[in-house]
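Asker: Sequence first, predicted model second:
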Amino acid sequence: MFSKILIANRGEIALRIIRACREMGVQTAVVYSTADRDAAYVKLADQAVCIGAAPPAESYLNIPRIISAAEITDVQAIHPGYGFLAENAHFAEVCRSCKIEFIGPSVAAMAAVGDKVECKRLAKKVKVPTVPGSEGSVDDERAALAIANEIGYPVIIKAAAGGGGRGMRLAHNEVSLRAGIAAAQAEAENAFKNSTVYLEKYIEHARHVEVQILADHHGNTIHLFERDCSLQRRHQKLVEESPSPLLSDETRQELCAAAIRLVKAAGYTSAGTVEFLVDNNQKPYLLEVNARIQVEHPVTEMVTSTDLIREQIRIAAGEVLSYKQKDLRQTGHTIECRINAEDPARNFAPCPGTIEQLRVPGGPGVRLDTHVYAGYRIPPNYDSLIAKLLVHRPTRREAIATMRRALSEFYISPIKTTIPLHLQIMDNESFLSGHMDTGFIERTMLAK
């Protein structure tokens, strides 16, 4: 096992990794920007190194500075968390060339699943269902129009190196497709330095269901069942839960088996997530593979009584998985609400600033993952996620009731947050019945 790890991230995920390491007897070093000098994770780590100014390019995305911090603190491994450099194959390669273990998959596995076009080709080889669309990248309007006419509108344009909803455009006709191609390419180039896009049939009223996997270096690959992430706004997840309320046992088994086939074919090790769209007929289609720990990983931890961060670290250290497939169960029901510093009444405008008052929820079945505190200043430079509120209860109905109670206890002032929207969701009849899809929030909750 490693004796010391550098955490190349910030916020609640940095704090989550510190906690896992402390329980494992592993020391931690963290990097931080000038905007995060007063962050809780900086105070709780064994060592902290300032690596630059607030802009991510000068700090959390600056590979030479992170490697320098790793060398100064004499660590054996780097945990990238999620976002920033977590799925950057070049960063993983640099880490390992410097004799520092990257806590994540190999460069080859990242390449196999990270490019969505190549991942789709691999999926077809191992009979994982994929969405009808282009066989590879689409370079011009003429090719895009021909494919769209063949598979039928609506279609969705996606960045091959995309993630987080960036580089995506929905097109219902030729006019919007022409405009969407150019816009998606420009956004993809800006976000990922890769303008490659491809085309897929848009699956209307689909559910977004993902399968958590773990794979070690000893040939053991397991799934930890599914999370339903259908409640989204502009492809950004807001609420996640497990088990999925409308997934049949047959479809659940199909998804989990398909996820295992795909990651094995990619030679994947570490924690990862295989994401699917499921249509009204319970037919699944591969969406993408996330080669990292997910924001919503605590949902799986609570419903399966596991520790994914701990396993991710153990795998990187060459140890055998702690769990066997036959021993894993989904027990009870877990719901997670992402609490963002955004104002839903103002089109989700970011709300950076100082938290003057904070009251956090608690009680049976409640978990709160957050790095904020009264007096904490939310910087304007990063993602607006400030907390993840989770509940775990014997049934979905009880979980919703507990989440409603926990949300009502959660008080943050004067910063605007998504808490009021989550309270509306918990009272919505369609959500209560489990009948929702990826367009539910914008179609129902945010309809003018």
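Answerer: Looks like it arrived, so ask away. Numbering: from 1, shown residues only.
Asker: Just give the number of residues close to residue 71.
Answerer: 13 (other C-beta atoms under 10 Å). All C-beta spots, glycine's among them, are computed from the backbone N, C-alpha and C.
Asker: So which elements touch the helix or strand where it lies?
Answerer: Element membership for residue 71, per DSSP states H and E: helix 63-73. With contacts defined as 3 or more C-beta pairs under 8 Å, 6 or more residues apart in numbering; DSSP states H and E, helix 63-73 has these neighbours: strand 4-7, strand 27-33, strand 47-52, helix 89-97.
Asker: How about residues contacting the last one?
Answerer: This points to helix 89-97. With contact meaning C-beta atoms under 8 Å, 6 or more residues apart in numbering, helix 89-97 is reached by 63, 66-67, 70, 78, 80, 85, 101-102, 104-107, 110-111, 114.
Asker: switch the cut-off to 6 Å
Answerer: 63, 78, 85, 102, 107, 110-111 (C-beta atoms under 6 Å, 6 or more residues apart in numbering).
Asker: Now, these that are in helices?
Answerer: 63, 107, 110-111 (DSSP state H).
Asker: From these, which one has the minimum pLDDT?
Answerer: Here the lowest pLDDT out of the ones in helices among the contacts of helix 89-97 sits on residue 111, with 92.
Asker: Could you count how many residues lie near it?
Answerer: Residue 111 has 15 neighbours, counted by other C-beta under 10 Å.
Asker: And residue 135, by the same measure?
Answerer: Look at residue 135: counted by other C-beta under 10 Å, it has 12 neighbours.
Asker: most residues in a single strand of the protein, which one?
Answerer: Counting residues, the longest strand in the chain under DSSP state E turns out to be strand 221-233.
Asker: so what strands line up beside that strand?
Answerer: strand 207-215 (antiparallel), strand 236-242 (antiparallel) (DSSP bridges).
Asker: which parts of stretch 194-202 are buried?
Answerer: 195-202 (16 or more other C-beta atoms under 10 Å).
Asker: cool, stretch 84-96 as well?
Answerer: For stretch 84-96, a neighbour-count test (16+ other C-beta under 10 Å) marks 84-89, 91-92, 94-95 as buried.
Asker: Tell me the buried residues in the longest strand of the chain?
Answerer: So, applying 16+ other C-beta under 10 Å, buried residues of strand 221-233: 221-233.
Asker: before we move on, back to that, how about the strands paired with strand 221-233 in a markdown table, adding mean neighbour count, distance to residue 294 and mean pLDDT?
Answerer: Formatted as a markdown table, the strands paired with strand 221-233 follow (neighbours: other C-beta atoms under 10 Å; distance: least, C-beta to C-beta, whole Å; pLDDT from 0 to 100):
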| stretch | mean neighbour count | distance to residue 294 | mean pLDDT |
| --- | --- | --- | --- |
| strand 207-215 | 25 | 8 | 97 |
| strand 236-242 | 24 | 9 | 96 |
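Asker: Of all those, which one comes closest to residue 422?
Answerer: The minimum distance between residue 422 and the strands paired with strand 221-233 falls on strand 236-242, with 7.1 Å, by C-beta to C-beta.
Asker: can you list the domains in this structure?
Answerer: Using automatic domain parsing, the domain parsing of the chain gives 4-103, 132-201, 207-445.
Asker: quick revisit: strands - which of the buried residues of stretch 194-202 land there?
Answerer: 197-201.
Asker: one step back: distance between the helix holding residue 71 and the chain's centre?
Answerer: On the basis of C-alpha atoms, centre = their mean, to the nearest Å, helix 63-73 sits 25 Å off its chain's mean C-alpha point.
Asker: what residues does it touch?
Answerer: So helix 63-73 is in contact with 6, 8, 29, 31, 47, 49, 51-52, 78, 91, 94, 98, 100, going by C-beta under 6 Å, 6+ apart.
Asker: go on, stretch 277-284?
Answerer: Contacts of stretch 277-284 (C-beta under 6 Å, 6+ apart): 129, 203, 205-207, 209, 248, 251, 255, 276, 285, 287.
Asker: chain center to stretch 424-431, what's the gap?
Answerer: With C-alpha atoms, centre = their mean as the basis, stretch 424-431 stands 23 Å off its chain's centre.
Asker: hmm, who's touching that stretch?
Answerer: With C-beta under 6 Å, 6+ apart as the test, stretch 424-431 has contacts from 400, 403-404, 436.
Asker: hang on, the earlier thing: okay if I get the strands paired with strand 221-233 as JSON lines plus distance to residue 380?
Answerer: Below are those laid out as JSON lines (distance: least, C-beta to C-beta, whole Å):
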{"stretch": "strand 207-215", "distance to residue 380": "29"}
{"stretch": "strand 236-242", "distance to residue 380": "18"}
